[in-house]
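1. this is a predicted model, with the sequence first.
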Amino acid sequence: MSWGSAAEFFAMGGRGWYVWSSFGVTALILVGEMLALRARRRALIRTLREGASQSAIERIESNES
Amino acid sequence: MSPQFDFPMFVAQDLAAARGERTLFSSVSFALAPGELLEVTGANGSGKTTLLRVLCGLMQPMAGAVHWRGEDIRALREDYHRDLAYVGHLNGVKGELTPLENVAFARAMAAQGDDAASAPLALSTLGLTTQQQRLPSKVLSQGQKRRVALARALFGRAKLWIFDEPFAALDAGAIALVAERISAHVRGGGVAVLSSHQDVPFDGVQRRQLRLGAPASASAARP
Amino acid sequence: MIPWFAALAAVLILIGLYVSFFVAPTDATQGEVYRIIFIHVPAAWMSMLCFVLMAAYSALGLALNARLSYMMAAALAPTGALFTFICLWTGSFWGRPTWGTWWEWDARMTSELILLFLYIGYLALRGAIDDPRRADRASALLALVGVINVPIIYFSVKWWNTLHQGASVSITRAPSMAATMLLGMMIMALAFWMYTIAVVLARVRCEILERDAAARERFTGAQA
Amino acid sequence: MISGFFQLIKRELLLAVRRRGDVLSLLVFFVIVVSLFPFGVGPELETLREIASGVVWVAALLATMLSLSRLFANDYADGALEQLVLLPMPLTLMVLAKIVAHWLLTGLPLALVAPLLGLQYGLTGVPLLVMSLAIAAGSPALSAIGAIGAALTLGLRGGGVLLSLLVLPLFVPILIFGAGAVDAAVHGAAFGAHLLLLSACSIAALVLAPLASAAALRIAIE
């Protein structure tokens, strides 16, 4: 299946808008979920660092790798 | 089955419970033979109510087990309930029903259907006039509702009584009455566990204390 | 371990996209727009799989009273809900050019919608309970009740659908399944699966940290 | 054991008699909701006859839903629920008794009132009977599945909305078969299968739901 040109690829037989918005939304949701999780983890580490002694942080980061 | 007197009827083995993430008590143990009464004391929030709810199976302990006549209450379940009478903080009295109906219903459900007639007797001994016994319970005072709740338990045939602050909201007369009923029950070979803040005398009864809230593990000291 | 799954998911998604756009032929009737199927169907599979896994971990949790399996069930729920949403979104976007309607009351799509409600119910129940122990066990029970009802709902909707509209072409019974199309969907499904594992494990780790922090806060609070 | 089952149902009915307003308000809600639709859809009997089964059934669903919180909430508040759990009878049996009592106070009255509303929608004769039969056959399942939701959301903030969120998706099969039965009757088609399916759902629900509901109660009163 070869596409004539890049424009044709994006036009997607005139239905490009539907195809790309579907793929776009999916990508948005998947990446969004990953980022939200990472942010949540970073915030947790910060609260832990303030509340707890330094040793607890090393313990968490050590079992990270 | 005649109760053998030396055989410990009611045993708790290193019970532990928590509220949310906070441990309330841990390794609480005691063994009660027939004719013994255990008083659970401790400051507010030390877990007295939680312990009593664990003892009657309303709540799962985090660790440890409770045995009635040598068997874990989780296995016994309905059989255990047949021998148990529990009065908690909440009276369990339906406001729309009259005291008579409340006690009669409880009596019928506890498979002691025969003495539904004794409901008026139970209520009157606890100081509720016949006229009061016919009013919808919601019009009664807190103390009177407490008596209705106690009337349900004090005159049944249950061998094990677990009361959570039975004397709360009761006047001096009622307290003496209830204390007397409990002492008679224990003297008659029953077992009782109760928590209370007032130091109420139980004549002729071997009383044991369990202090909760002490940082180290609490164990039942013989008086 | 999580980075491994995340990397694997990324690689598989790339391969899947390549297959779906460059290997799969143009469809005779629907032209190019049918390519949405390469995310619509895997998302539907994943939404089902997550719910079943959630119920399995819930059953495990209730049986063994194991905190970790409750957490796994809790971690699966948001991802499953998102996949259901993706499936619904892509389904309606595919329906618009092909059938002219944004929402087609087709048996599969309707039961997917109800599955979304079940997910939302699960998340709402878990959110409404503060005590972690009760939250775990109550939501586990709901997941079990839900998983028993999903097949019943699916068959009753299918029965209702054929009753009112006759056997209309079902949206996911796409045109003749060329081998490459099936391959594309399989790869994407695998990719989504790897992605789910990575996200779920990461969320469980967060959950552990959170409960750890809450306990420590109370502990340090008590000491200060 | 069985006498306890009927004792509990007797008490529930006695309570309901003392609180007469509950059943009445349920029926009034049902009638009002069904009577609202013509204002939205227009009074032509043709269209009303078409949507009658769906409207009546959705209204019955919502009415049952609203009365579900009454199942355990009062007992939970005044401590009667604890006593219920500590009875020498299996909790599952007691929950079944509560569900049957709840059905007698919601499902049955709705089934009796429904034909009157059918008249309002231009239905006559057999469809009315089928409507009442369908609601009578399907509503036990509503009460049973609803009991699980009520037990799960006991004592939670936002209980009402949360309860509907949990329970309505599970009501969908009952709604489909129930409305299907009445719809078939309206169009003169065979409605026997629908009624059988409905009663099958109800029987299954009455057997399985008390188990889940009892477990949920044990979790809730902790």
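-> That came in fine, so what should we check first?
2. buried stuff in stretch C:54-70?
-> Residues C:54, C:55, C:56, C:57, C:58, C:59, C:60, C:61, C:62, C:69, C:70 are the ones in stretch C:54-70 that count as buried (16 or more other C-beta atoms under 10 Å in any protein chain shown). C-beta here means a position set from N, CA and C on the backbone, and glycine is covered the same way.
3. should've said stretch D:16-30
-> Buried, per 16+ other C-beta under 10 Å, within stretch D:16-30: D:16, D:18, D:23, D:26, D:27, D:30.
4. export the residues you listed to JSON lines and tack on pLDDT, distance to chain B and secondary structure?
-> Shown next, in JSON lines, are these (pLDDT from 0 to 100; distance: C-beta to the nearest C-beta, whole Å; DSSP: H, G, I helix; E, B strand; the rest coil):
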{"residue": "D:16", "pLDDT": "89", "distance to chain B": "9", "secondary structure": "helix"}
{"residue": "D:18", "pLDDT": "86", "distance to chain B": "4", "secondary structure": "helix"}
{"residue": "D:23", "pLDDT": "88", "distance to chain B": "14", "secondary structure": "helix"}
{"residue": "D:26", "pLDDT": "92", "distance to chain B": "17", "secondary structure": "helix"}
{"residue": "D:27", "pLDDT": "93", "distance to chain B": "20", "secondary structure": "helix"}
{"residue": "D:30", "pLDDT": "94", "distance to chain B": "24", "secondary structure": "helix"}
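5. I'd like to know which of those residues is nearest to chain A.
-> Closest to chain A out of the buried residues of stretch D:16-30 is residue D:30 (41.0 Å), distances taken as C-beta to the nearest C-beta.
6. right, and that closest one touches residue D:60 too?
-> Yes - with contact defined as C-beta atoms under 8 Å, residue D:30 reaches residue D:60; the gap is 6.6 Å.
7. joint contacts of those two?
-> residue D:110 (C-beta atoms under 8 Å, 6 or more residues apart in numbering or on different chains).
8. so in chain A, which helix runs the longest?
-> helix A:16-51 (DSSP state H).
9. list the buried residues in it.
-> Neighbour count says helix A:16-51 has A:16, A:18-19, A:22-23, A:25-26, A:29-30, A:33-34, A:37, A:40-41, A:44, A:48, A:51 buried, by 16+ other C-beta under 10 Å.
10. the helix or strand of chain C with the lowest mean pLDDT - contacts with which helices or strands?
-> Lowest on mean pLDDT, DSSP states H and E among the helices and strands of chain C sits helix C:179-223, with a mean of 79. Packed against helix C:179-223 by the contact rule (3 or more C-beta pairs under 8 Å, 6 or more residues apart in numbering or on different chains; DSSP states H and E) you find helix A:16-51, helix C:2-18, helix C:37-64, helix C:67-99.
11. nearest to residue D:194 among those helices would be which one?
-> Each of the helices and strands packed on helix C:179-223 was scored for nearness to residue D:194 using C-beta to C-beta, and the closest is helix C:37-64 (27.6 Å).
12. pLDDT wise, what is the nearest residue to residue C:136 once chain neighbours are set aside at?
-> Closest residue to residue C:136 apart from its sequence neighbours, by C-beta to C-beta, 6 or more residues apart in numbering or on different chains: residue C:70 at 3.7 Å. pLDDT for residue C:70: 93.
13. residue D:211 too?
-> pLDDT, residue D:211: 94.
14. next one: residue C:58
-> 95.
15. correct me, but it touches residue C:139?
-> Yes - Residue C:58 lies in contact with residue C:139 (C-beta under 8 Å); the separation is 7.3 Å.
16. where do the helices of chain D begin and end?
-> So, for chain D - with DSSP H - the helices run D:2-18, D:21-41, D:45-68, D:73-78, D:80-85, D:91-105, D:107-120, D:126-152, D:159-186, D:192-220.
17. buried deepest among those, which one?
-> helix D:126-152 (a mean of 26; mean count of other C-beta atoms under 10 Å in any protein chain shown).
18. helices and strands around that helix, which ones?
-> helix C:132-165, helix D:45-68, helix D:91-105, helix D:107-120, helix D:159-186, helix D:192-220.
19. who's in contact with the nearest residue to residue C:82 once chain neighbours are set aside?
-> Nearest residue to residue C:82, sequence neighbours excluded (C-beta to C-beta, 6+ apart): residue A:29, at 5.3 Å. With contacts defined as C-beta under 8 Å, 6+ apart, residue A:29 is in contact with C:82, C:85, C:86.
20. sounds good, over and out.
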